[in-house]
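In: Structure for the following, please:
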Amino acid sequence: MTGEHPERDPVITDGKVVDPFDTDEPVSFAPEAEVGAEPADAGALETDELGKVTAERDQFATELGYAKAEIANLHRNSRTRIDRAVEDERIAVVSKFLDVVDDLDRARSHGDLETGPMKALSDKLSGVLDGLGLVGFGAEGDAFSPELHEAVQMEGDGDNPVLGTVLRKGYRLGERVLRTAMVTVTNGEPASDAVAE
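Out: This next block holds a predicted model:
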């Protein structure tokens with residue numbers, strides 16, 4: 001063959017015949033990196049990579065802190081709700097026994113609970129309710145308080161109101177008033193006389 005291109009044998013790769021003088025496909029040559037050679041800015045590349053990894057670690061640590069705080073809040077809120085629900089149920093159960101306690105108090109005032117099985121029952125029920133924290137209030141002569149007492153009758157001018165007759169005792173469980181005392185209100189002795197004595 002004569003001309004500008006000397007004759008060469010075709011190159012066969014992967015079962016395809018490739019003409020080395022075919023210029024239809026562009027040929028690009030990339031210099032191969034030498035084995036063991038590092039890029040010129042390897043220190044900058046490592047610093048960038050270290051910065052990214054450090055920022056990612058800090059982000060994960062922050063998210064972990066938020067997650068731990070959220071779990072602690074959920075635990076505390078759950079415990080508060082459980083405690084409140086237990087207290088509400090305790091109040092509901094004890095409140096159902098108040099009428100029974102009233103009946104036993106009336107029987108005691110008539111002398112029916114001095115001896116016998118009813119006295120034993122009354123003592124056991126009183127022990128259980130006392131153990132739960134039930135406290136009665138509203139004794140004759142106590143100072144009148146509208147938060148604790150329900151006045152059904154008022155005698156006197158009301159300058160120094162005290163409890164007269166207690167028609168029904170009031171009860172408190174812890175700080176919560178389960179039932180106000182039903183009372184009559186009379187005038188007590190003036191507070192200045194009580195202080196002088």
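In: And the residue nearest the centre of this protein?
Out: For the chain, Asn77 is the residue whose C-alpha lies nearest the centre (C-alpha atoms, centre = their mean; 0.6 Å).
In: So in terms of bridging, what pairs with Gln153?
Out: Thr184 (DSSP bridges).
In: what's the helix or strand for the residue nearest to the centre of the chain?
Out: Asn77 is part of helix 42-96, with elements assigned from DSSP states H and E.
In: after that helix comes which helix or strand?
Out: Using DSSP H and E, the first helix or strand after helix 42-96 is helix 98-109.
In: Now that following helix: buried residues?
Out: Leu98, Val101, Leu104, Asp105 (16 or more other C-beta atoms under 10 Å). The way it works is simple: take the backbone N, C-alpha and C, and place the C-beta from them, glycine included.
In: Show residues contacting the following helix or strand past it.
Out: Moving toward the C-terminus from helix 98-109, the next helix or strand (DSSP H and E) is helix 117-131. By C-beta atoms under 8 Å, 6 or more residues apart in numbering, the surrounding residues in contact with helix 117-131 are Val94, Phe97, Val100, Val101, Leu104, Ala107, Arg108, Asp112, Leu113.
In: domains for the chain, by residue range?
Out: According to automatic domain parsing, the chain comprises the domains 48-96, 97-132, 134-197.
In: Would you check how far apart Lys124 and Thr54 are?
Out: 69 Å (C-beta to C-beta, to the nearest Å).
In: Over to Asp130?
Out: For Asp130, the distance to Thr54 - C-beta to C-beta - is 63 Å.
In: can you list the weak-confidence ranges in this structure?
Out: 1-43, 190-197 (pLDDT under 70).
In: and with 90 instead?
Out: 1-51, 105-119, 138-139, 141, 153-161, 174-175, 187-197 (pLDDT under 90).
In: quick revisit: quick one: contacts for the residue nearest to the centre of the chain?
Out: Neighbours of Asn77 in contact, by C-beta under 8 Å, 6+ apart: none.
In: What count of nearby residues applies to Asp159?
Out: By other C-beta atoms under 10 Å, 9 other residues sit near Asp159.
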